[in-house]
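1. Sequence and predicted structure below; questions after.
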Amino acid sequence: MMQPDPSLTQANISEPGNELSVFSNQYDLRHDLHAYVEYVRERDIKRLHRSNELNRSDSKRLAKLMSDPYAIEEVEQNGYSEWINYVDTLAYVFGFVKYNTEGIYVGYTSSEPSFPDNYIEVDTQIYEQFIDLPLLEQEKKLLSLLVNHYIDGYNEFYTSSSLGRLSGFSTFGSATGIMPELDFPMARWFLLEVLQSCTPGVWYTTSSLIQYLKEYHPYFIIPEKPKYQHKYEAKSGRYGNFHEGKSTWSREVQVLESDADAFERVEGRFVERFLEGLPLILGYIEVAYSKTEYKGYLPEINQLQAFRVNDMFLHVMSGKIIEPKVTVQPNFEVHVESELYPVWIITQLTTLADIVTKDKTSILKLRKKKVLTQLSEREDLDVIRLLEKLSNQKLPENIRIELEEWIGASEAFTLYEMAVLFEGDKDLPGIDQFTIERISPIMRIVHSPDRLFTHLEQKELIPLHIKHRSSKLVLLPDGVRTVFPKRGVGVSKSKSRAKAKKAVTIKREVRITFHFPAKELMEEFRKGLIAARCPVAADWSKLTLTFVSQYEPEAKKVSKALKQDYTIKIEDIA
C-alpha cells in the first residue's frame with residue numbers, strides 16, 4: 001500500500017548557490033496531434049524510400065502548424081524535427097494514420113528494408129470517433145497510450161525523452177537479465193499516483209521523492225525476487241543490467257545490490273527520466289535542472305533536482321477537468337478557455353473564424369467571407385444558433401444584427417451545381433420533375449440534363465444542347481426559337497447600307513431612400529427590414545437607408561410596427 005503522505009521536501013529553486021534551470025513545456029501535444037492529422041488528410045504524403053521518415057518538404061509545412069517555435073529552424077538545419085517525428089509516431093500508435101512500417105528487402109544483398117510508394121493514410125473512422133469523445137475521455141486515452149506504449153523508445157532506463165536532457169544506460173545485454181520481466185506501465189501508473197499527493201505550484205526536491213520510494217516502495221519497478229529466464233542470469237543480481245561509465249556506451253562499473261546507494265543509481269535514475277518523460281510532455285509538471293556542469297559517470301544522476309505539478313494534472317487524475325468556456329465578444333472575437341485543447345469546438349469555429357492566438361485561451365475572429373462560404377455550402381447551418389450553443393449564452397446584440405445581415409446577403413443569390421439552364425415551351429410534358437427553379441414561363445433551371453434530354457427525345461421532341469464558352473455566349477443556329485442571340489442572316493449590300501433600327505430594352509430599378517433624424521430610429525428600422533429579409537444599404541454618415549422599391553410593402557409594415565413608440569410621418573423630398 002502507498003503511504004498516504006509522501007512528505008516530500010519542498011525546494012527553493014532560486015536559493016543562492018543552488019540556482020536551477022527551470023523547464024516548462026510550452027508545446028501543446030494535443031493541438032499538434034490534431035494539426036498533423038488534418039494536414040495529412042488534405043494531402044498525399046509519401047514517406048522517404050530508405051528511412052521511412054517524413055520528407056523534408058512536408059516537415060517544413062508541418063513545422064509552421066506545430067506549437068514548437070523551433071521546429072522550422074530545426075527542419076531547415078537537420079531536415080527533420082524531433083518533435084514532429086514524435087507527433088508522427090504518436091498518430092501512428094493511436095491508429096489515426098496508417099503506413100507501411102515493415103518495408104521490403106530489395107535484392108539479395110539488401111541488409112535494410114526499403115519503403116517504396118509508402119503513402120500515409122488517415123483512418124477517418126478511428127480519428128472522428130476519438131474527437132467525438134468528451135475532452136476528459138480523450139485525455140485518458142492519450143495518457144493511457146503513453147503509459148502503456150511508451151513511444152519514445154524502449155523505456156526510461158535506456159532512451160531519452162523527446163523533451164528530456166538526460167541520457168540512458170547502455171542497452172548491452174538488455175535482452176536478458178531482469179529487463180524482459182519488468183512491468184513498466186505499472187511503475188508509471190504508480191509514480192503518477194504518488195505525484196497526486198503533491199500540492200500544485202509547489203516545488204519538491206527529486207531526491208526526497210527518491211528517498212520516499214526507497215523507504216516505502218523499494219520494489220516499485222524491480223521486484224524483490226526477480227524471475228530470470230536462465231539460472232546463470234541470477235549471478236549478476238537485481239542490478240546486473242546496469243553499468244556506469246565515462247561515455248554513453250561504456251560499461252566500466254556495474255551497480256551492485258550491496259552498494260549503499262544502488263537504489264539511487266538505478267531506480268533514482270529511472271525516476272528522473274520518468275519526470276522529464278510523459279508528465280512533462282503532457283504538460284502536467286515543470287522540472288528544474290542543475291546548472292552545474294556534470295562530470296560524473298554516465299548516465300547523468302542528480303541532475304533533475306526539482307519538480308512541481310500543476311492543477312491540470314490533478315484535475316485530469318481526479319476526473320474533474322474544467323469544461324471549455326466559449327465567449328463571443330462584441331468586437332467579433334471568440335474566446336475559448338480550456339485546460340485541454342478543445343478540438344471539437346475549435347474545428348467548428350475555424351470554419352467561421354480565423355485563429356488569432358493559441359493558448360489556454362484561444363482567440364478567433366469571425367470573418368464574413370468564411371461565414372458566407374459555410375452558408376452557401378451548408379443549407380442547414382444556423383450560425384447564430386451554433387454560436388449561442390457553443391457559448392451557452394445569447395450573442396451580443398451588434399453581433400446578432402451583423403450576422404443577420406450576412407445571412408441576408410447569403411440568401412440574395414443561390415449557386416447551383418450540376419444544373420443547366422433550360423429554354424422551352426411552358427407546356428412541355430413531364431418537365432416539372434426536372435425543374436429546380438422556374439425563372440419565367442419558358443426559362444427554368446433544371447437538374448439531370450442527360451436524363452432530361454432522353455426524356456424529350458422519347459416524347460418525340462427535338463432538344464438541342466448548347467454549351468456556352470466562359471468568355472461569351474455561342475450564337476445559335478438558324479431556325480431555332482430562342483431569346484438568346486442568333487446567328488446572323490445574309491443581307492444584301494444595298495439593304496445593309498440602310499441603318500437598321502435596333503430594338504433595345506432599358507430596365508429601370510427604382511430605389512427608395514429614407515432619411516432619418518437620429519441613429520436610434522434608423523437602427524430599429526434597419527433591424528426591421530433585415531428581419532423582413534429586405535436587402536438594405538445603410539449610410540451612417542448621412543443617416544440613410546436605401547432599398548429596392550419592390551420592398552416598399554415590407555418598409556410600410558416596419559413603419560407601422562414602430563408607431564407603437566414613434567409618431568412616424570413619411571414625406572417625399574422635393
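-> Done, it's in.

2. how deep is Ser59 tucked in, by neighbour count?
-> 23 (other C-beta atoms under 10 Å). Where C-beta positions appear, they are placed from N, C-alpha and C, glycine not excepted.

3. quick one: the helices in the stretch 401-550 of the chain?
-> When assigned using DSSP state H, counting those that start in this stretch, the helices of the stretch 401-550 of the chain occupy the ranges 449-458, 493-497, 519-531.

4. looking at the ones you listed, which has the lowest confidence?
-> When the helices of the stretch 401-550 of the chain are ranked by mean pLDDT, helix 493-497 comes last with a mean of 46.

5. sorry, back to before: can you tell me which of the helices of the stretch 401-550 of the chain is nearest to Gln329?
-> Gln329 lies closest, by C-beta to C-beta, to one member of the helices of the stretch 401-550 of the chain: helix 519-531, at 20.1 Å.

6. list the helices and strands that closest one packs on?
-> helix 397-410, strand 544-548, helix 552-562 (3 or more C-beta pairs under 8 Å, 6 or more residues apart in numbering; DSSP states H and E).

7. Got the phi and psi for Leu62?
-> Torsion angles at Leu62 (phi, psi; degrees, to the nearest 10) stand at phi -60, psi -40.

8. how many other residues sit next to the closest residue to it other than its chain neighbours?
-> Closest residue to Leu62 apart from its sequence neighbours, by C-beta to C-beta, 6 or more residues apart in numbering: Ile84 at 5.3 Å. If you count neighbours by other C-beta under 10 Å, Ile84 ends up with 24.

9. in the helix or strand hosting Ile84, what counts as buried?
-> Assessed by DSSP states H and E, Ile84 sits inside helix 82-94. With burial defined by 16 or more other C-beta atoms under 10 Å, the residues of helix 82-94 counted as buried are Trp83, Ile84, Tyr86, Val87, Asp88, Leu90, Ala91, Phe94.

10. Show me the helices in the stretch 1-150 of the chain, by range?
-> Ranges of helices in the stretch 1-150 of the chain, per DSSP H, counting those that start in this stretch, are 29-41, 56-65, 71-78, 82-94, 124-131, 135-148.

11. would CSV of those helices with mean pLDDT be doable?
-> Supplementary listing: these in CSV, determined by pLDDT from 0 to 100:
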stretch, mean pLDDT
helix 29-41, 95
helix 56-65, 95
helix 71-78, 94
helix 82-94, 95
helix 124-131, 94
helix 135-148, 95
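
12. for this structure, where's the lowest mean pLDDT among helices and strands?
-> Least confident element among the helices and strands of the chain, by mean pLDDT, DSSP states H and E: helix 493-497 (a mean of 46).

13. so which of the helices of the stretch 401-550 of the chain comes closest to Gln138?
-> With C-beta to C-beta as the criterion, Gln138 lies closest to helix 519-531 of these, at 40.2 Å.

14. Okay, strands next: where are they in the stretch 201-350 of the chain?
-> Taking DSSP state E, counting those that start in this stretch, the strands of the stretch 201-350 of the chain run over residues 204-205, 243-244, 253-254, 285-290, 304-309, 325-328, 333-337.

15. and the direction of the helix holding Ile84 versus that of helix 124-131, what angle?
-> Here the directions of helix 82-94 and helix 124-131 differ by 100 degrees (axes from the mean of the first three to the mean of the last three C-alpha atoms, to 10 degrees).

16. ok, residues contacting helix 82-94?
-> The contact list for helix 82-94 (C-beta atoms under 8 Å, 6 or more residues apart in numbering) reads 27, 29, 32-33, 36-37, 40, 53-54, 59, 62-63, 66, 68, 71, 74-75, 97-99, 101, 126, 130, 145, 149, 151-152, 162, 281.

17. low pLDDT regions in the stretch 301-450 of the chain?
-> Residues of the stretch 301-450 of the chain meeting the criterion pLDDT under 70: 409-418.

18. if you set the cut-off to 90 instead, what comes out?
-> Filtered on pLDDT under 90, the stretch 301-450 of the chain yields the residue ranges 322-323, 357-361, 372-381, 404-450.

19. hmm, back to that, save the helices and strands packed on helix 519-531 as a markdown table, and put in mean neighbour count and distance to Ile301 too.
-> A markdown table is the format used below for the helices and strands packed on helix 519-531 (neighbours: other C-beta atoms under 10 Å; distance: least, C-beta to C-beta, whole Å):
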| stretch | mean neighbour count | distance to Ile301 |
| --- | --- | --- |
| helix 397-410 | 16 | 58 |
| strand 544-548 | 16 | 77 |
| helix 552-562 | 15 | 80 |
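
20. is it possible to export the ones you listed to JSON lines including distance to Lys519?
-> Converted to JSON lines, these look like this (distance: least, C-beta to C-beta, whole Å):
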{"stretch": "helix 397-410", "distance to Lys519": "13"}
{"stretch": "strand 544-548", "distance to Lys519": "11"}
{"stretch": "helix 552-562", "distance to Lys519": "14"}
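
21. so which of the ones you listed comes closest to Arg508?
-> Per C-beta to C-beta, nearest to Arg508 of the helices and strands packed on helix 519-531: strand 544-548, 11.3 Å.

22. rewinding a little: what about the residue nearest to Leu62, distance to Ala71?
-> Using C-beta to C-beta, to the nearest Å, Ile84 is found at 6 Å from Ala71.

23. do the same with Pro535
-> 47 Å.

24. The two - which one has more neighbours?
-> A direct count of neighbours by other C-beta under 10 Å for Pro535 and Ala71 places Ala71 higher, at 24 against 15.

25. Need the nearest residue in space to the more buried one, chain neighbours excluded.
-> Ala63 (3.8 Å).

26. Could I get the contacting residues of the one you found?
-> Taking C-beta under 8 Å, 6+ apart, one finds Ala71, Ile72, Glu74, Val75, Ser81, Ile84 in contact with Ala63.

27. right, and the pair among those residues with maximum separation?
-> The span of the contacts of Ala63, defined through C-beta to C-beta, is set by Ile72 and Ile84 at 10.2 Å.

28. Check the burial of Leu461 by counting its neighbours.
-> By other C-beta under 10 Å, neighbour count at Leu461 equals 13.

29. Surely it and Asp427 touch.
-> No - with contact defined as C-beta atoms under 8 Å, Leu461 does not reach Asp427; the gap is 11.9 Å.

30. separation between the residue nearest to Ala91 when sequence neighbours are not counted and Ser236?
-> Nearest residue to Ala91, sequence neighbours excluded (C-beta to C-beta, 6+ apart): Val97, at 4.8 Å. Using C-beta to C-beta, Val97 is found at 42 Å from Ser236.

31. the more surrounded of these two?
-> Set Val97 next to Ser236 and count neighbours by other C-beta under 10 Å: Val97 wins out with 21 against 18.

32. so what's the more buried one bridging to?
-> Val122 (DSSP bridges).

33. any idea how far it lies from Pro342?
-> Counting by C-beta to C-beta - Val97 and Pro342 are separated by 22 Å.

34. Over to Lys295?
-> Counting by C-beta to C-beta, the gap between Lys295 and Pro342 amounts to 47 Å.

35. Residues contacting stretch 132-145, please?
-> With C-beta under 8 Å, 6+ apart as the test, stretch 132-145 has contacts from 29-30, 90, 93-94, 130-131, 151, 278, 282, 316, 319, 321, 323-324, 338, 340, 342-344.

36. how much distance is there from that stretch to the middle of the chain?
-> Taking C-alpha atoms, centre = their mean, to the nearest Å, one finds stretch 132-145 lying 16 Å from the centre of the chain it belongs to.

37. What residues sit buried inside it?
-> Buried positions in stretch 132-145, judged by neighbour count with 16+ other C-beta under 10 Å: Leu135, Leu136, Gln138, Glu139, Leu142, Leu143, Leu145.
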